[in-house]
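Undergrad: Model the structure of this input:
(2 chains)
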Amino acid sequence: MKIRCIANTGASLPDEYIDPPRGYTKQIQLSLTIGREYVVYALREWKGTIWYYICDDIYSYYPMENPAPMFEVVDDRVSKYWRFKLSPNGLLMIAFEQWFTDPYFYDKLTDQEEEEVEIFDKVKELMDAEDFDLPPLDVAVEKLRETVSV
Amino acid sequence: MSQGAIPDESPRNLPEQLLLQDAKAGNCISIQGGPDDILGDVSRLVALYGGNPEDWYKITSIQAFVINGAFVQVHWFENKQILQQLELKFKRQYPKTAPKNL
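TA: Sure, this is the predicted structure:
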């Protein structure tokens, strides 16, 4: 999945995304470049707000969440590395497997723990190079039927 | 996750000091925390410093400077109800190919 930045200040954020305790105010200037495309490594939905985890303009070793209204989706095909988790509190999280295997994965990653940094490095490399090209439906189903009939 | 209190880390040089000042002036944002994304460290933070689990956040500077070959950000824990900023750390990420003792 790829997104393109269409805004980078809090002035563009709908009210439901304004959350001063987390730093999201109308005045905030995010580290994003308008017009630039970013790969989405994970996303979460919480009470009607959607947040994309991307490697923003100051990326160093972990993806940072950014509010969805700052972007338009330019490639809506989802990663084969993604897993899905709906928590009892209503939080929906979509991310790569390791994010869920260890409930503190992102915590450790942002703390710069070596193992988690290395894992994200590998995941990023794979997702950046992910090939989304699929054969046309007729070709794909024909190939499947040939395989099944053998 | 660590068990005890972690003292604030001091800036090593002027650029790190400027980065810290900029972040503390309000150019900072939550990485994680709050009611929907409770921190792994929250039990320790509540035990040591008080407050409610959902009020603790991990904060980062919005800016990141390249200092002596490392990409540097400032992180700390913050409780929004009791207005504490604690356990400040400089996160220095070196390019894979660069020596780490610059």
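Undergrad: Provide a list of residues in contact with B:I59.
TA: A:G23, B:A23, B:C28, B:I29, B:S30, B:I31, B:H75, B:W76, B:F77, B:E78, B:Q85 (Cβ atoms under 8 Å, 6 or more residues apart in numbering or on different chains). C-betas here are computed from N, CA, C, even on glycine.
Undergrad: could these go into JSON lines alongside neighbour count, secondary structure and distance to A:E65?
TA: Listed next are those as JSON lines, based on neighbours: other Cβ atoms under 10 Å in any protein chain shown; DSSP: H, G, I helix; E, B strand; the rest coil; distance: Cβ to Cβ, whole Å:
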{"residue": "A:G23", "neighbour count": "20", "secondary structure": "coil", "distance to A:E65": "11"}
{"residue": "B:A23", "neighbour count": "22", "secondary structure": "helix", "distance to A:E65": "18"}
{"residue": "B:C28", "neighbour count": "23", "secondary structure": "strand", "distance to A:E65": "14"}
{"residue": "B:I29", "neighbour count": "21", "secondary structure": "strand", "distance to A:E65": "9"}
{"residue": "B:S30", "neighbour count": "19", "secondary structure": "strand", "distance to A:E65": "9"}
{"residue": "B:I31", "neighbour count": "23", "secondary structure": "strand", "distance to A:E65": "8"}
{"residue": "B:H75", "neighbour count": "20", "secondary structure": "strand", "distance to A:E65": "15"}
{"residue": "B:W76", "neighbour count": "21", "secondary structure": "strand", "distance to A:E65": "18"}
{"residue": "B:F77", "neighbour count": "22", "secondary structure": "strand", "distance to A:E65": "17"}
{"residue": "B:E78", "neighbour count": "22", "secondary structure": "strand", "distance to A:E65": "17"}
{"residue": "B:Q85", "neighbour count": "14", "secondary structure": "strand", "distance to A:E65": "21"}
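Undergrad: where in chain B is pLDDT low?
TA: Within chain B, the stretches with pLDDT under 70 are B:1-2, B:97-102.
Undergrad: what ranges do the helices span in it?
TA: B:14-24, B:42-49 (DSSP state H).
Undergrad: Torsion angles phi and psi at the closest residue in space to B:L48 that isn't next to it in sequence?
TA: Distance criterion Cβ to Cβ, 6 or more residues apart in numbering or on different chains; nearest residue to B:L48, sequence neighbours excluded, is B:A5 at 5.3 Å. Backbone torsions of B:A5, given as degrees, to the nearest 10, read phi -70, psi 140.
Undergrad: Give me the secondary structure label for A:E116.
TA: Going by DSSP: H, G, I helix; E, B strand; the rest coil, the secondary structure assigned to A:E116 is helix.
Undergrad: if we can go back for a sec, what's around the residue nearest to B:L48, how many residues?
TA: The tally of other residues near B:A5 (other Cβ atoms under 10 Å in any protein chain shown) stands at 12.
Undergrad: for B:G51, same thing?
TA: Neighbourhood size, B:G51 [other Cβ under 10 Å]: 16.
Undergrad: which residues touch it?
TA: B:L45, B:N79, B:Q81, B:I82, B:Q84.
Undergrad: For the nearest residue to it once chain neighbours are set aside, list each beta-bridge partner.
TA: Distance criterion Cβ to Cβ, 6+ apart; nearest residue to B:G51, sequence neighbours excluded, is B:N79 at 4.4 Å. For B:N79, the residues forming beta bridges with it (DSSP bridges) are B:W56, B:Q84.
Undergrad: do you know how far B:N79 is from B:D22?
TA: From B:N79 over to B:D22 the distance is 21 Å, taken as Cβ to Cβ, to the nearest Å.
Undergrad: Can you pick out the residue with more neighbours from those two?
TA: A direct count of neighbours by other Cβ under 10 Å for B:N79 and B:D22 places B:N79 higher, at 20 against 16.
Undergrad: So, low pLDDT: which residues of chain A?
TA: A:150.
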